[in-house]
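Student: model this:
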Amino acid sequence: MNKDYDYIIAGAGCAGMSLLMRMASDSFFSSKKILVVDADDKSLNDRTWCFWEKESDIFEPIVHHVWEELDFFSTHFSTVLDIAPYQYKMIRGIDFYAYVKNTIASLPNIEWKKASVKRLLGATELLATQTTSTHQITAGIELNDGTTVFASYVFSSILLEPIQKSPKDFHFLQHFTGWEIEAAIPCFNPGRAVFMDFRVSQEHGTTFMYVLPTSATTALVEYTLFTENLLPDEAYEKAIREYIRSELKIQDYTIVHREKGVIPMTTHNFPRYQDNHIYIGIAGGEAKASSGYAFKSIQKRTAVIVKALKQGKSLASNKSFTEKKGHLYDAVLLHVLHFQKMPGDQVFADIFKGNKSADVLSFLDNESSLFTDLKIMSSVPTRIFLPAALQEMITHVKR
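Tutor: Predicted coordinates for the structure are as follows:
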């Protein structure tokens with residue numbers, strides 16, 4: 001194993017492998033020495049990513065399924081969401097990992113090391129190494145086996161330390177358990193997915209179901225919560241089982257795959273960089289604080305990084321105005337949920353009831369115009385959201 005590289009990618013999750021794929025697909029990086037470090041070999045179907053987009057991107061060849069219409073259900077409002085010009089897409093983890101690994105398999109400039117990252121190296125340690133390296137050394141990591149490796153840039157998606165919780169921030173979790181089931185008889189419409197079904201108990205907080213059919217007999221059924229605390233494992237299983245029985249009316253089925261996860265939904269201000277250590281993925285604050293969605297923002301960020309590297313521009317960039325605006329909107333929603341000023345299911349029902357579905361999706365992706373933002377914000381009670389917005393604006397200024 002070499003000791004120094006042009007780029008080190010620490011963590012081969014969605015962000016790390018998305019960045020790797022963009023580098024591997026661009027001839028500019030064919031002469032660059034790239035090291036990927038992860039404790040896992042990424043051979044399991046450990047998660048599913050869903051997202052909406054108007055145009056195809058780099059991972060279109062492995063999109064597992066596409067939906068043109070989505071159902072929204074709540075006790076306040078229910079409808080079929082016409083999401084054009086968007087499409088709602090699913091990518092399975094196992095397909096994602098295999099696609100990237102197959103792409104880099106024949107590339108001699110890319111090396112994969114199965115190891116855990118212990119820490120990022122400081123400036124003093126890097127300075128001592130500079131004279132013995134063939135590359136410009138400005139970043140480095142120490143692995144748990146005692147090995148140290150160096151590069152011009154380290155792109156890290158690993159949270160090496162717990163999130164430092166400030167009393168000024170809100171800290172929710174998106175936690176979920178999903179079953180991919182195969183029913184004994186056809187019972188699904190593979191052309192329409194259930195985007196959110198809030199017709200489940202809201203006793204723990206904002207809670208809903210996804211149903212993502214991929215054929216007439218198969219679907220991913222996922223129980224999802226936006227709350228500040230996790231539930232016992234058996235609570236997730238019980239909720240899914242009951243939903244399949246009572247709402248989907250399915251009695252005879254087989255569970256072919258299980259997945260679960262926890263994603264931070266927090267107003268914590270994640271640093272984007274520290275010297276030439278660049279933070280990406282959840283570690284870079286790319287999980288949307290109001291929804292937990294991260295795949296699309298990860299694709300945007302990795303594309304920006306690749307472009308900047310090719311142009312020789314600095315990667316030490318902070319959030320754009322659009323990103324800061326989205327962060328403020330997220331903070332307002334989490335404020336309302338934290339202080340229990342309005343139930344989450346009613347918030348989402350009001351937003352979807354009063355606006356075009358495509359406008360809501362662009363709003364959730366931080367891609368909407370100010371006019372659309374104002375229209376969406378006017379669809380929720382001003383007496384609740386305006387005081388929350390004013391308070392969060394003051395907090396934002398002080399951050």
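Student: in the helix or strand containing Lys260, which residues are buried?
Tutor: Using DSSP states H and E, the element containing Lys260 is strand 253-266. Within strand 253-266, the residues that count as buried by 16 or more other C-beta atoms under 10 Å are Tyr253, Glu259, Lys260, Gly261, Ile263, Pro264, Met265, Thr266. The C-beta positions use only the backbone N, C-alpha and C, and glycine is treated the same way.
Student: ditto for stretch 315-333
Tutor: Glu323, Gly326, His327, Tyr329, Asp330, Ala331, Val332, Leu333.
Student: assumed the first one was part of a helix.
Tutor: What it means is Glu323. Yes - under DSSP: H, G, I helix; E, B strand; the rest coil, Glu323 sits within a helix.
Student: tell me where the stretch 51-200 of the chain has strands.
Tutor: With DSSP state E, counting those that start in this stretch, the ranges of strands along the stretch 51-200 of the chain come out as 65-67, 69-73, 79-82, 87-92, 110-114, 117-120, 139-143, 148-156, 171-183, 192-197.
Student: hang on, I meant the stretch 201-350 of the chain
Tutor: Here the stretch 201-350 of the chain has its strands, by DSSP E, counting those that start in this stretch, at 206-213, 218-227, 253-266, 273-274, 277-279.
Student: these: lowest mean pLDDT?
Tutor: Of all these, mean pLDDT reaches its minimum on strand 273-274 (a mean of 88).
Student: what strands line up against that one, and which way round?
Tutor: Strand pairing for strand 273-274, using DSSP bridges, gives strand 277-279 (antiparallel).
Student: and the contacts of the strand it pairs with?
Tutor: 120, 139, 153-157, 270-273, 284-285, 305, 315 (C-beta atoms under 8 Å, 6 or more residues apart in numbering).
Student: mind checking how far Leu121 is from Phe51?
Tutor: Using C-beta to C-beta, to the nearest Å, we find Leu121 at a distance of 34 Å from Phe51.
Student: returning to that earlier point: in a markdown table, list the strands of the stretch 201-350 of the chain along with distance to Lys165.
Tutor: Shown next, in a markdown table, are the strands of the stretch 201-350 of the chain (distance: least, C-beta to C-beta, whole Å):
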| stretch | distance to Lys165 |
| --- | --- |
| strand 206-213 | 20 |
| strand 218-227 | 15 |
| strand 253-266 | 8 |
| strand 273-274 | 20 |
| strand 277-279 | 18 |
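Student: which of these sits closest to Ala289?
Tutor: Among the strands of the stretch 201-350 of the chain, the nearest to Ala289 by C-beta to C-beta is strand 253-266 (5.1 Å).
Student: run the angle between that closest one and strand 206-213 for me.
Tutor: On the basis of axes from the mean of the first three to the mean of the last three C-alpha atoms, to 10 degrees, strand 253-266 is oriented at 130 degrees to strand 206-213.
Student: what packs against strand 253-266?
Tutor: Counting contacts by 3 or more C-beta pairs under 8 Å, 6 or more residues apart in numbering; DSSP states H and E, strand 253-266 is packed against strand 171-183, strand 218-227, helix 321-338.
Student: possible to save these as JSON lines with distance to Leu370?
Tutor: Supplementary listing: those in JSON lines, determined by distance: least, C-beta to C-beta, whole Å:
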{"stretch": "strand 171-183", "distance to Leu370": "26"}
{"stretch": "strand 218-227", "distance to Leu370": "26"}
{"stretch": "helix 321-338", "distance to Leu370": "8"}
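Student: could you give the number of residues near the closest residue to Thr214 other than its chain neighbours?
Tutor: Of all residues not flanking Thr214 in the chain, His65 sits nearest, at 4.7 Å (C-beta to C-beta, 6 or more residues apart in numbering). By other C-beta atoms under 10 Å, the residues close to His65 number 20.
Student: how about the contacts made by His65?
Tutor: His65 is in contact with Lys89, Met90, Pro190, Leu212, Thr214, counting by C-beta under 8 Å, 6+ apart.
Student: give the contact list for the residue nearest to the spatial centre of the chain.
Tutor: Nearest residue to the geometric centre of the chain (C-alpha atoms, centre = their mean): Ala294, 1.9 Å. Going by C-beta under 8 Å, 6+ apart, Ala294 touches Cys14, Ile263, Gly281, Ile282, Glu286, Ala287, Lys288.
Student: ok, and the most crowded of those?
Tutor: Gly281 (27 neighbours).
Student: Leu19 is in contact with that one, correct?
Tutor: No - in this structure, Gly281 is not within contact of Leu19 by C-beta atoms under 8 Å, at 9.1 Å.
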